[in-house]
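turn this into a model:
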Amino acid sequence: MELNRLEQELHTARALVMADLVAGDVAEAGIVSMVEDAVTHRRWWVEQWPEGVSFVTGLVAQDVQDALLEQYGRWPLCPVCTEEGPHALDVEPELGPDPHWVCTKATVSVAPVGSLAGALGR
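Predicted structure coming up:
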């Protein structure tokens with residue numbers, strides 16, 4: 001795989017996840033560092049498995065979501081289920097192209113990764 005495609009995918013993943021963090025008002029310096037850590041980790045991962053390059057965006061989103069859960073709490077919160085207690089959206093497919101944020105409780109796709117602003121009314 002050529003390096004330019006890998007770097008393009010990594011930059012795209014970073015931008016899309018950052019857009020969702022900004023939409024959720026959680027793009028603080030420490031969280032941006034989590035995004036950078038996830039991108040660095042996935043760069044290594046794709047170098048080991050070049051066929052996985054189209055999965056990078058969803059994986060970076062999941063990595064950041066996992067890191068946030070450990071240090072800050074659930075993110076992104078579901079904007080669909082307002083009657084129930086807060087719960088996080090999931091990335092689907094877990095390993096595939098064209099990742100979306102989905103609510104598994106309501107079984108609906110909320111937004112593509114990178115497009116949470118529209119779902120959050122921002």
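
contacts for stretch 5-18, please.
27, 32, 35-36, 38-39, 42-43, 46-47, 50, 53-54, 56-57, 59-61, 64, 113-114 (Cβ atoms under 8 Å, 6 or more residues apart in numbering). C-beta: built from backbone N, CA, C; applies to glycine.

from those residues, list the buried ones, please.
Buried residues within the contacts of stretch 5-18, counting neighbours by 16 or more other Cβ atoms under 10 Å: 32, 35, 38-39, 42, 46, 53, 56-57, 59-61, 64, 113-114.

farthest pair within those?
V32 and V53 (23.1 Å; Cβ to Cβ).

return the subset of the contacts of stretch 5-18 lying in helices.
Per DSSP state H, helices hold the following members of the contacts of stretch 5-18: 32, 35-36, 38-39, 42-43, 46-47, 56-57, 59-61, 64.

residue with max distance from the center of this protein?
Here the chain reaches farthest from its C-alpha mean at E83, the gap being 24.7 Å by Cα atoms, centre = their mean.
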